[in-house]
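**Q** Could you look at this predicted model? Sequence included:
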Number of protein chains: 2
Amino acid sequence: MLTERQLFLLKLLVNDYIKSAEPIGSRAISKRDDVQFSSATIRNELADMEELGYLEKPHSSSGRVPSEKGYRYYVDHLLSPAMLSKQEMVDIKKAFREQYYELEKLIQGTADILSDFTNYTSIVLGPEVLETKLKHIQMISLSAETSVLIIITNTGHVENRTVSLPKGIQPQEIEKLVNILNVRLKGTPLYKIKFAIDREIKDVLRQHLSQYQLAIKMLNEALSYHPLDQIYYGGKTNMLAQPEFKDIDKVLPLLNALERKDIVYDLLKPIGDSRIHIKIGQENDFNEIKNCSVLTASYSIGGEHLGTVAVIGPTRMTYPKVVTLLDIVSRSLSKSLTERYQGY
Amino acid sequence: MLTERQLFLLKLLVNDYIKSAEPIGSRAISKRDDVQFSSATIRNELADMEELGYLEKPHSSSGRVPSEKGYRYYVDHLLSPAMLSKQEMVDIKKAFREQYYELEKLIQGTADILSDFTNYTSIVLGPEVLETKLKHIQMISLSAETSVLIIITNTGHVENRTVSLPKGIQPQEIEKLVNILNVRLKGTPLYKIKFAIDREIKDVLRQHLSQYQLAIKMLNEALSYHPLDQIYYGGKTNMLAQPEFKDIDKVLPLLNALERKDIVYDLLKPIGDSRIHIKIGQENDFNEIKNCSVLTASYSIGGEHLGTVAVIGPTRMTYPKVVTLLDIVSRSLSKSLTERYQGY
DNA sequence: AATTAGCACTCGACATCATAGAGTGCTAAC
DNA sequence: GTTAGCACTCTATGATGTCGAGTGCTAATT
């Protein structure tokens, strides 16, 4: 186990390294006002902690750098959440008080706040379509052959799809069809809609619609496709400014990984029940981001999990600040959403 | 004026440089099968063309590189559009035949094709909201206090905005309101809607609605905000793979510039009447992209200009291929849109 | 008069080498 | 247990030298 003094030094070293991005030497530590011991003492302590795996040296005669184990210990036991400046708090409050005319804007705004305030990259997973329920369905004709099908969910999300109308179907038929769908499917989770049509609505449709086969076919096409591209980014290029990514070969695989939906979904999948979840370096399963840490928090409407907000940056990340910010932002987003869409 | 032989050499040099990204020397040219003259002759010709401003040397004893004037001449007089491979043509056809359920997807798909096939960055300006007309308006209640206002345009674009309902307004009133709006405002260009409400609808509303002041206020709020964020990107990180941007300080200002809407709007503003418009290096007004060329084409529905597609890459760009691709893609997009949304 | 061979010269790329400086580990003294 | 002292290690930096691709110019050739 680490001694009191070792913990003190570890915390100090991690904090300094996060600021400077340079390996920290014993002399630099001993010079600080809040440190009384000589550099030799510190050298001994650092050597011990290195042996225990909390620190590393980039090369044999350089200063120390936290290892992943070191970061993990720091995050679990030594991290004291940062205070945000008054100005920052005001800015955040203001951003969430603003009138957003679309749910998408609110979420994008959240991503922007996270990246602007951290200088890292932020990712926000939009409300999961799979878990949202149908509120209202509407079909609006564009021309003789095309209509726009509009699906509104309980979360205020609006989905629209252009559909080609089967030839020969009557406008009144469409109207009837939409009416039936609205009455029967209201409250159905989106992912169950196709199933519900097949099981419950088919017969009703057959009774009321002359062109019922065509209608079924059209509905199946329009509803079959689940666009899950609900990923919002902020500060995508912020990574480029981090010294650890100063050469392009390091940053390119990273940026490409962040474009891949499967990877992002996996990185942000909610785990554990702590408010903020932290994954450091290799704890993330992807080689492309082995030098990065991912901090996630979830947001909700009225307590029900809706989506995830995340910040991704180098393992050498300002954890205290990001933790605080994620906490505030995820709460603010939940609050804002709940106020707006609670009564579904 | 340039001699026949000089033109031949210029074209050849530009083509080679585009491929290799290395300065081209006289010896390398003379070694080619299709070149008969000795390297000394070529040296003389190159020196002459340099004096005329068509070529440059990175340093005094290196090979030649095209100047912007050289690229401009090449593009205006020497460029022969490339043929796409059969496979490429098939892929494009396939992409545009695909069923897109939302206008946005079709446009994003277009951007993706452009960037995938060129390895540069593509930008597509979505249909300009300002020039599109109201097709249908709809209001769907989410809760007692909030509704979603849905605006559908003749281009199949669906806009949705969350509005807070004034307290005390009756559902029937809302219904009446929406009916009036639909009857009166159909076909009105979006940017004129507020104006139209003020001029024409006010009185009608006063006659029919008890809470007419509240309704007006709400409408003004909901319709006042014009989201113009209709910029779709493809291959944002492709620039990083270009040798001219191998160090991050060169590429960061570029990427940031491409995030700025004002800059992008300016870069893509339609000019001239040629199908493909090319701006080389400094011809673009922004310092951040002085090493880049921007190629644009416009797309339309039934002949009416709707938006712009563009490819941005280093001045050392494969102009022939990009020109051909932009031509095909912009035509395909126009065709696809016209088929779908023509009958507005 | 146009073309080409020949040659001295230029400049960047690359490798080699020396040096300075920050940092360590170890030993012995406090 | 702590610290001063010192030899040692490794990187970063800059100076130096060499190689090769390329040029410009002159004189010879066609």
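**A** Noted; the coordinates are in hand. This is a predicted model, so every value here is computed, not measured. Numbers count the residues shown, from 1 in each chain, chains lettered A, B, ... in the order given.

**Q** can we go C-alpha only for contacts and neighbour counts from here?
**A** Fine.

**Q** Would you state the strands of chain A in chain order?
**A** In chain A, the segments counted as strands under DSSP state E are A:55-56, A:65-66, A:121-125, A:134-141, A:146-153, A:158-164, A:231-234, A:276-280, A:292-301, A:304-314.

**Q** Mean pLDDT lowest where, among these?
**A** For the strands of chain A, the stretch scoring lowest in mean pLDDT is strand A:158-164; its value is a mean of 82.

**Q** can you tell if that strand touches chain B?
**A** Yes. When contact is scored as Cα under 8 Å from any Cα of the partner chain, part of strand A:158-164 falls within range of chain B: A:158, A:160-163.

**Q** In CSV: the residues you listed, plus distance to DNA strand C.
**A** What follows is the residues of strand A:158-164 next to chain B, written out as CSV (distance: Cα to the nearest atom of the strand, whole Å):
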residue, distance to DNA strand C
A:158, 54
A:160, 53
A:161, 53
A:162, 54
A:163, 56
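
**Q** near DNA strand D too, which of these?
**A** When Cα under 7 Å from any atom of the strand is taken as the criterion, no member of those contacts DNA strand D.

**Q** out of those residues, which one sits closest to residue B:296?
**A** Top of the list for closeness to residue B:296, among the residues of strand A:158-164 next to chain B and by Cα to Cα, is residue A:162 at 27.3 Å.

**Q** Determine the number of other residues adjacent to that closest one.
**A** Residue A:162 is surrounded by 24 other residues when neighbours are defined as other Cα atoms under 10 Å in any protein chain shown.

**Q** cool, the one 5 residues further on as well?
**A** By other Cα under 10 Å, 9 other residues sit near residue A:167.

**Q** which residue packs closest to it, ignoring adjacent ones?
**A** Computed as Cα to Cα, 6 or more residues apart in numbering or on different chains, the closest residue to residue A:167 that is not its neighbour in sequence is residue A:145, at 7.2 Å.

**Q** Show the contacting residues for that neighbour.
**A** Taking Cα atoms under 8 Å, 6 or more residues apart in numbering or on different chains as the criterion, residue A:145 is in contact with A:164-167.

**Q** Looks like residue A:317 contacts residue A:18 (just checking).
**A** Yes. The pair residue A:317 and residue A:18 qualifies as a contact (Cα atoms under 8 Å) at a distance of 6.0 Å.

**Q** Who has more neighbours out of those two?
**A** Set side by side, residue A:317 and residue A:18 give different neighbour counts by other Cα under 10 Å, the larger being at residue A:317 (23 against 19).

**Q** any idea how far that one is from DNA strand D?
**A** Relative to DNA strand D, residue A:317 is positioned 21 Å away (Cα to the nearest atom of the strand, to the nearest Å).

**Q** tell me the pLDDT at residue A:228?
**A** 53.

**Q** Skipping adjacent residues, who's closest to the residue lying farthest from the centre of chain A in space?
**A** Among the C-alpha atoms of chain A, the one most distant from their mean position (Cα atoms, centre = their mean) is that of residue A:210, at 46.7 Å. Using Cα to Cα, 6+ apart and skipping the chain neighbours, the partner closest in space to residue A:210 is residue A:173 (8.0 Å).

**Q** Pull the number of nearby residues for the one you found.
**A** Neighbour tally, residue A:173, other Cα under 10 Å: 16.

**Q** residues contacting it?
**A** A:209-211.

**Q** Can you tell me which of those residues is nearest chain B?
**A** Using Cα to the nearest Cα, residue A:211 is the member of those that lies nearest chain B, at 22.4 Å.

**Q** So what's the residue count around the residue nearest to that closest one when sequence neighbours are not counted?
**A** Spatial nearest neighbour of residue A:211, excluding adjacent residues (Cα to Cα, 6+ apart): residue A:169 at 6.7 Å. When counting by other Cα under 10 Å, one arrives at 17 neighbours for residue A:169.

**Q** quick one: the helices in the stretch 151-300 of chain A?
**A** Taking DSSP state H, counting those that start in this stretch as the criterion, the stretch 151-300 of chain A contains helices spanning A:171-185, A:193-196, A:202-208, A:212-224, A:248-259, A:261-268.

**Q** The fourth one and chain B in contact?
**A** To tie it back to what came earlier, the one meant is helix A:212-224. Yes. Helix A:212-224 reaches chain B (Cα under 8 Å from any Cα) through residue A:222.

**Q** Now do that helix against helix A:171-185, angle only.
**A** If you take axes from the mean of the first three to the mean of the last three Cα atoms, to 10 degrees, helix A:212-224 sits at 60 degrees to helix A:171-185.

**Q** Show me what counts as buried in the helix or strand bottoming out on mean pLDDT in chain A.
**A** Taking mean pLDDT, DSSP states H and E as the measure, the helices and strands of chain A show their lowest mean at helix A:212-224, namely a mean of 77. Within helix A:212-224, the residues scored as buried using 16 or more other Cα atoms under 10 Å in any protein chain shown are A:212, A:214-216, A:218-220, A:222-223.
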